[in-house]
Every structure is written in structure tokens, then in C-alpha cells.
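[1] I'd like to go over a predicted model; first the sequence, then the structure.
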Amino acid sequence: MPTARLMQAGGFLLPALRVLSKTNKNLFERDLKTMSSFKRYPGIDYSFRPASYWAPPSDPLNAALRNVQGRNRREMIRAYHAEGRLDQLDPTLLADELGEEDRDGLGRIHPTFMGGEYLPRYRRREVEIARIELASTTGDVISIRARPAGSRILYRVSDEYETEYELPQKGSRRPFSLSEFIRFLDDVEQGGADPEWRRLGFVLSFNLCNLDCGSDLEGLRDFTRVDSDIYPELGCHYGQVCEEWYLGACEALARDREEDAGSGAEPA
């Protein structure tokens with residue numbers, strides 16, 4: 001698969017030529033300094049550091065979710081747990097990885113059931129420490145993983161398309177604090193992707209490339225979601241980051257239309 005792919009809300013688009021949208025230009029000019037910096041939100045403990053990525057799960061839900069690749073299967077596990085029926089869930093759906101026959105069977109139910117199911121197999125003692133989930137047709141997932149290597153921890157970022165990702169650092173001597181992990185995620189780069197998409201950080205790059213390629217802004221409001229069984233407040237942080245981006249994009253789009261109306265140009 002190409003390393004510079006675009007993940008549309010309606011599927012994948014591989015353009016030969018991209019023109020940066022006027023709305024995104026305005027966003028970059030107005031908000032680049034603010035939005036690309038690491039903003040801290042009230043109520044989030046950015047000093048939190050897990051004692052280990054391999055500590056025993058703190059509760060039955062975390063134990064069931066750990067390393068489960070499928071996005072929809074993870075939601076099913078949460079739903080069954082909330083209803084007190086986790087013991088009634090088919091054991092196959094609790095497996096970290098599914099066999100080809102089971103994956104194909106889920107995919108026939110709906111394409112979103114494929115999300116995460118085609119991620120690479122885990123290496124020895126490797127665990128998923130966070131994931132980025134996209135509201136694309138097939139529910140695509142980017143997995144951030146850690147594994148022990150002697151006295152160090154090694155990291156990798158993987159998806160279901162063999163994309164090459166450039167990491168700001170390959171390893172560490174202890175688990176990241178939440179603030180360190182956010183800086184790490186923000187600085188991940190997708191090889192071959194347009195540099196403009198990375199200017200607000202890796203997580204927002206999926207929203208930016210889709211907006212540039214004509215996706216409806218409203219459909220991108222909840223397009224990108226970050227989840228972690230290790231860092232409980234990571235999703236809250238990026239939820240606010242994505243919401244601020246969306247509101248800023250709405251303001252920029254409104255200004256574009258006002259300027260077009262004033263100049264007599266056709267509205268964008």
C-alpha cells in the first residue's frame with residue numbers, strides 16, 4: 001500500500017495532485033502556533049506515568065480488552081461488561097487476534113467489523129499502549145505498541161496497510177508519562193505524506209488531509225478518536241484537541257464565505 005494515502009470518511013482516495021484548501025491555509029496562518037504546541041486541559045493529570053506496560057490489568061474489563069485488535073469487538077466487550085454479561089460473550093470474540101475465517105465472517109456483517117482485525121501480529125511480549133481509530137468505511141486503526149528489549153522499551157506504530165511511520169524516538173528506559181506520550185504521538189510522521197498535514201500533529205493529520213481533499217467538515221468532527229487502556233485520560237485530551245480544531249475550522253470556513261461574498265466570488 002502507498003505510504004501517503006488519504007483516509008476518507010467514505011473510503012480511501014489516492015490523488016495524483018492536491019491543492020491546499022483556503023480554509024486550511026487560514027487555519028495554519030491563524031492557529032499554527034497555538035494548536036501545534038502542547039496544550040494542557042484542566043482536569044487531566046499529565047504527570048501520570050504507568051509503573052509498567054506489563055502490569056496485571058486493574059479490573060476485568062481491562063483484562064478482557066488488553067491487546068484485542070478489532071475495533072468493533074472492543075466495543076462489544078465494553079457493552080457486555082456494562083451489562084454484567086461479559087461471561088456470556090463468545091470466547092472467540094475475546095481473542096487478541098482472529099483467524100482468517102473469523103475475520104472474513106465479521107467483515108461480511110459490515111465493513112466496519114474489519115477495523116483493526118488486519119493489524120500486524122503482536123511480537124513477543126508486545127502490548128498495545130494506544131490506538132487511533134478513524135471513522136472510515138472500514139473503521140481503520142493505527143496501533144501504537146511497546147515491547148521490552150533488555151533494559152529498554154521499544155516502540156512501533158502499525159496499521160493495516162504496511163505504512164511506514166517515522167518515530168521521534170525508538171525507545172525509552174521507562175514508560176512515558178502522559179505528557180511525554182502526547183509529545184511522542186504529536187511528532188510521529190507518516191512517510192511520504194504531505195508536510196502540511198503534519199503541522200498540527202500526527203493525530204490531526206487525518207482530519208487535515210480529508211478536509212483538503214473535499215470531505216465535508218461536519219463529517220470530520222468525530223472522524224479521529226484516540227483510545228488507550230494504559231493512559232485513561234489520553235482520549236479525553238485528544239477529544240478536546242479535535243473539537244478545538246473542528247470549531248476553528250468552522251470559523252475559518254465562515255470567514256472564507258464572507259470574503260467570497262464580499263468579493264462576488266462563488267462561495268467555497
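    Cool, got the structure. Numbering: from 1, shown residues only.

[2] so what does the lengthiest helix in the chain touch, helix or strand wise?
    If you go by DSSP state H, the chain has its longest helix at helix 234-263. Judged by 3 or more CB pairs under 8 Å, 6 or more residues apart in numbering; DSSP states H and E, helix 234-263 is in contact with helix 22-36, helix 178-186, helix 202-212, strand 224-227. C-beta: built from backbone N, CA, C; applies to glycine.

[3] tilt between it and helix 202-212?
    Going by axes from the mean of the first three to the mean of the last three CA atoms, to 10 degrees, helix 234-263 is angled at 30 degrees with respect to helix 202-212.

[4] tilt between helix 234-263 and helix 178-186?
    Computed by the same axes, to 10 degrees, the angle separating helix 234-263 from helix 178-186 equals 50 degrees.

[5] buried set for helix 234-263?
    By 16 or more other CB atoms under 10 Å, the buried positions in helix 234-263 come out as 234-235, 237-238, 241-242, 244-246, 248-249, 252-253, 256.

[6] and what of stretch 221-229?
    Those would be 221, 223, 224, 225, 226, 227, 228, 229, for stretch 221-229 by 16+ other CB under 10 Å.

[7] Now do the strands in the protein.
    Using DSSP state E, the strands found in the chain span residues 6-8, 11-13, 127-134, 141-149, 152-158, 165-166, 171-172, 189-190, 224-227.

[8] Looking at the ones you listed, spot the one closest to residue 79.
    strand 224-227 (15.0 Å; CB to CB).

[9] Check what pLDDT residue 3 gets.
    Note on residue 3: pLDDT of 33.

[10] can you give me the offset of stretch 196-204 from its chain's centre?
    12 Å (CA atoms, centre = their mean, to the nearest Å).

[11] Report the central residue of the chain.
    Centroid check for the chain by CA atoms, centre = their mean gives residue 132 as the closest residue, at 1.9 Å.

[12] Redo the buried residues of helix 234-263 as a markdown table? Include distance to residue 114 and pLDDT.
    Output for the buried residues of helix 234-263, formatted as a markdown table (distance: CB to CB, whole Å; pLDDT from 0 to 100):
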| residue | distance to residue 114 | pLDDT |
| --- | --- | --- |
| 234 | 24 | 98 |
| 235 | 22 | 98 |
| 237 | 28 | 98 |
| 238 | 23 | 98 |
| 241 | 27 | 96 |
| 242 | 23 | 96 |
| 244 | 31 | 95 |
| 245 | 27 | 94 |
| 246 | 26 | 95 |
| 248 | 32 | 93 |
| 249 | 29 | 90 |
| 252 | 34 | 88 |
| 253 | 32 | 84 |
| 256 | 36 | 80 |
